[in-house]
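Q: Build me a structure from this.
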Amino acid sequence: MTTLALIGAAHIHTPNFIDRLNKRDTVSVKYVWDHHAARAGAAASKLDAQAVGDLEAAYRDPEVEAVIVCAETDRHEAVVMPAVEAQKHLFVEKPLGFASEDAYLMAEAIREAGVLFQTGYFMRGLPVHLFLKEQIDRGHFGKVTRIRHSNCHAGSLRGRFDGEWRWMADPGVAGCGAFGDLGTHALDILLWLMGEVEAVTASIDIVTNRYPGCDESGEGILHFKNGAVGTLAAGWVDVADPVKVLISGTEGHAYVVADTLYFKSEHVEGADGSAWNDLPDMLPHAFDLFLDALEGKAAPLVGVEEAAYRNAVMEALYEGAATRTWVTPRPPL
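A: This is a model prediction of the structure:
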């Protein structure tokens with residue numbers, strides 16, 4: 001049995017994680033901490049855990065092997081660094097940091113401590129993304145010239161952040177608005193597929209002003225070091241998001257429309273541009289992969305350096321939008 005602590009219950013994905021924990025008989029949550037005592041108590045009651053007001057109580061307990069951080073983004077550094085000092089393994093909900101500075105500080109400490117790390121980039125495990133990475137790695141598109149990824153929903157239109165998740169629409173707490181919140185998933189896929197970038201820029205906008213001062217939609221442009229150009233769309237004011245992925249190369253292309261992949265390659269038999277259904281199996285959710293790793297199972301986790309670099313690139317996208325210039329992100333560790 002692996003003993004855990006839940007540090008913060010503020011993130012919108014917390015209920016999903018609690019459900020996953022309760023369905024798994026190989027883990028138990030001993031403590032729940034949150035700076036809002038009522039929120040800690042509510043989460044603790046669902047996990048049959050002890051709500052604590054002293055963060056260090058969870059870190060001092062040798063039974064606690066790992067912590068799950070679902071605190072507000074601006075509190076990540078304050079809760080992650082003592083966890084690292086206590087040699088606790090870490091799942092930190094995305095994004096790792098409020099900005100590049102705290103993200104790189106945490107990443108370096110986590111790397112030096114040698115503890116397990118994971119964050120919530122679950123899209124890597126989707127069959128279409130696993131397939132596209134394999135095709136890119138095998139050179140089946142030839143030279144990739146353009147790539148696009150979109151991750152949008154109607155969160156602002158439907159008032160998703162009107163209640164207990166309101167902090168996620170406050171850039172002063174979350175570090176970003178809609179473009180950063182949803183865009184970090186699309187950015188992770190683009191960087192995972194294509195590698196590092198030379199420079200980026202973006203156009204990021206407030207649309208409805210339902211959450212004053214919070215951006216709700218954006219489009220980014222990324223110039224990759226391999227010469228490809230990428231575009232990234234993300235927002236909370238989209239009634240649908242039917243075209244998720246587009247890859248164009250000198251010897252093939254792929255695109256996803258309404259969750260159907262269309263694939264063409266000179267190197268793959270039968271890849272004539274029509275619908276393609278021969279895809280890998282879906283991987284477990286990123287959170288479950290972390291729990292698997294704690295049990296000693298082989299699991300593809302997101303590197304902490306990768307997580308910090310995504311913070312840096314997103315920060316540069318916001319800077320590019322503010323200054324209407326191309327910005328070179330802080331390089332990875």
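Q: export stretch 11-26 as CSV, just CAs?
A: Coordinates of each C-alpha in stretch 11-26 appear next as CSV, following Å, rounded to 0.1, in the frame of the first residue of the first chain:
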residue,chain,number,x,y,z
HIS,A,11,-7.8,22.6,-9.0
ILE,A,12,-10.8,21.8,-11.1
HIS,A,13,-9.3,18.3,-11.7
THR,A,14,-9.3,17.5,-8.0
PRO,A,15,-12.6,15.6,-8.0
ASN,A,16,-11.4,13.4,-10.8
PHE,A,17,-8.2,12.6,-9.0
ILE,A,18,-10.2,11.8,-5.8
ASP,A,19,-12.4,9.4,-7.8
ARG,A,20,-9.3,7.7,-9.3
LEU,A,21,-7.7,7.3,-5.9
ASN,A,22,-10.8,5.8,-4.4
LYS,A,23,-11.1,3.3,-7.1
ARG,A,24,-7.5,2.1,-6.6
ASP,A,25,-6.9,-0.4,-3.7
THR,A,26,-3.1,-0.1,-3.8
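Q: Any chance you could list what contacts that stretch?
A: With contacts defined as Cβ atoms under 8 Å, 6 or more residues apart in numbering, stretch 11-26 is touched by 1-2, 4, 6, 27, 29, 43, 46-47, 68, 70-72, 93, 120, 160, 165, 168, 285, 287-288, 291, 295. Using the backbone N, CA and C atoms, a C-beta is placed for each residue, glycine as well.
Q: Please report how far the spatially most central residue of the chain lies from residue 294.
A: The chain has residue 121 as the residue nearest its centroid, 3.8 Å off, counting by Cα atoms, centre = their mean. Distance check for residue 121 against residue 294: by Cβ to Cβ, to the nearest Å, it reads 18 Å.
Q: host element of the residue nearest to the residue nearest to the centre of the chain when sequence neighbours are not counted?
A: The shortest distance from residue 121 to any non-neighbouring residue, by Cβ to Cβ, 6 or more residues apart in numbering, is to residue 188 (4.4 Å). Under DSSP states H and E, the secondary-structure element containing residue 188 is helix 178-194.
Q: all strands for the stretch 201-333 of the chain, in order.
A: Listed in chain order, the strands found in the stretch 201-333 of the chain under DSSP state E, counting those that start in this stretch are 217-224, 229-235, 243-249, 252-257, 260-265, 272-275.
Q: Just put those in CSV and tack on distance to residue 182.
A: Output for the strands of the stretch 201-333 of the chain, formatted as CSV (distance: least, Cβ to Cβ, whole Å):
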stretch, distance to residue 182
strand 217-224, 9
strand 229-235, 4
strand 243-249, 12
strand 252-257, 16
strand 260-265, 21
strand 272-275, 26
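Q: Same list, the ones you listed, but as JSON lines with mean pLDDT and mean neighbour count please.
A: As requested, those are exported to JSON lines (pLDDT from 0 to 100; neighbours: other Cβ atoms under 10 Å):
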{"stretch": "strand 217-224", "mean pLDDT": "98", "mean neighbour count": "22"}
{"stretch": "strand 229-235", "mean pLDDT": "98", "mean neighbour count": "24"}
{"stretch": "strand 243-249", "mean pLDDT": "98", "mean neighbour count": "20"}
{"stretch": "strand 252-257", "mean pLDDT": "98", "mean neighbour count": "20"}
{"stretch": "strand 260-265", "mean pLDDT": "98", "mean neighbour count": "19"}
{"stretch": "strand 272-275", "mean pLDDT": "98", "mean neighbour count": "11"}
